[in-house]
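In: Fold the stuff below for me.
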Amino acid sequence: KTERGKTSTTKASPPPLLVVELHARTRARASAAQPRTHTHTTHTHATSAMASLLAKVQHDKDSNYFKFLKYKTDEFYKPSTKQFAWLKNKDGSWRSAEVTGEDAKTYTVADGADGSTQIDKATAFLKNPTKFDGSEDCAILGYLNEPSVLHNLKVRYDQDIFYTSSGLFLVAVNPYKRLPIYTEEMIGVYRGKRRNEVAPHIFALADEAYRNMLDNKQNQSMLITGESGAGK
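Out: Okay, here's the model as predicted:
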């Protein structure tokens, strides 16, 4: 249009979609120019929060983690200097007996009312000191034999702790009751933790497999075995 002999021009506004696209591109360029600290900061905060949660539940005697996943030693416990060996009962179970003497080839053990018994050193199953009772990993037992492993599983089971590690394996003994150890809080305790940092739990294996899958870009597999009713 002309006004008072002068010609004025008006530039056409870009379509709305184009404005959005240009705005998005501008934001993208601005974002690329900024240092990328947000992701690292968020990860750091999350890691710190998980570490705080783990520290809290590990020392809180009222937490389900402490109650059902950590073995509690008698506060009046005193280590014994006596040595014990395992003797097999007729029904296949085991009993412990104190070692009262030994020679080059045999141990002499006090076997209750039956007096003393001689057992061959080459085939004897010695019992671990009581400080090993309730060990989270059977692989650390000084005497790694069948009755010692069964004993460790039993003393943990007696405290409602039915998960126990054995090297790379996780042993589960069916508790035949529901325990509050599969909650969202418990997931947070195990997320991102190494197996040796937390008590034995299926969550520890699952998290390790997931991280290995992400780090190594390879599929992961788990083998779950056990007789019927074992709690698979």
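In: From here on, just use CA atoms for contacts and neighbour counts.
Out: Fine.
In: got the residue ranges for the helices in this structure?
Out: According to DSSP state H, the chain carries its helices in the segments 16-33, 38-59, 64-69, 146-157, 184-190, 202-216.
In: worst average pLDDT in those?
Out: Lowest mean pLDDT within the helices of the chain: helix 16-33, a mean of 41.
In: Next, the distance between the ends of stretch 182-200.
Out: This stretch, stretch 182-200, spans 13 Å end to end (CA to CA, to the nearest Å).
In: next one: it to chain centre, how far?
Out: Here the centre of stretch 182-200 is set off from its chain's centre by 6 Å, with CA atoms, centre = their mean, to the nearest Å.
In: Show me what counts as buried in it.
Out: Residues of stretch 182-200 classed as buried: 186, 188, 189, 190, 191, 192, 193, 195, 198, 199, 200 (neighbour count, 16 or more other CA atoms under 10 Å).
In: Residue 79: which of the residues you listed is nearest?
Out: residue 199 (23.6 Å; CA to CA).
In: Run through the residues that contact that closest one.
Out: 69, 70, 136 (CA atoms under 8 Å, 6 or more residues apart in numbering).
In: which residue packs closest to the last one, ignoring adjacent ones?
Out: When you say that, I think you mean residue 136. Leaving aside its sequence neighbours, residue 136 sits nearest to residue 164 (CA to CA, 6 or more residues apart in numbering; 5.5 Å).
In: The one you found pairs with what?
Out: Assessed by DSSP bridges, residue 164 has beta-bridge partners residue 171.
In: looking at it, it is touching residue 174, isn't it?
Out: No. Look at residue 164 against residue 174 with CA atoms under 8 Å: they stay out of range, at 11.9 Å.
In: Look at these two and report which has more neighbours.
Out: Ranked by neighbour count (other CA atoms under 10 Å), residue 164 and residue 174 place residue 164 first, with 24 against 14.
In: Please name the residues that touch that one.
Out: Applying CA under 8 Å, 6+ apart to residue 164 gives the contacts 136, 137, 138, 153, 170, 171, 172, 200, 201.
In: Quick one: residues contacting the third one.
Out: The contact partners of residue 138, taken as CA under 8 Å, 6+ apart, are 144, 149, 152, 164, 165, 166, 167.
In: quick check, nearest of those to residue 125?
Out: residue 144 (8.8 Å).
In: which non-adjacent residue is nearest residue 89?
Out: Of all residues not flanking residue 89 in the chain, residue 95 sits nearest, at 7.0 Å (CA to CA, 6+ apart).
In: What is the burial count for the one you found?
Out: Residues contacting residue 95 under the criterion other CA under 10 Å number 13.
In: ok, it - contacts?
Out: Contacts for residue 95 were tallied using CA under 8 Å, 6+ apart; they are 86, 87, 88, 89.
In: swap the cut-off to 10 Å and go again
Out: Residue 95 makes contact with 84, 85, 86, 87, 88, 89, 111, 147, 151, according to CA atoms under 10 Å, 6 or more residues apart in numbering.
In: ok, which pair from those residues is furthest apart?
Out: Largest separation among these by CA to CA: 111 and 151, giving 18.5 Å.
In: Quick check: the gap between residue 142 and residue 185.
Out: Per CA to CA, residue 142 is found 34 Å from residue 185.
In: And for residue 227?
Out: Applying CA to CA, the value for residue 227 to residue 185 is 31 Å.
In: Then residue 66?
Out: Distance check for residue 66 against residue 185: by CA to CA, it reads 13 Å.
In: Kindly report the same for residue 223.
Out: Distance, residue 223 to residue 185, by CA to CA: 26 Å.
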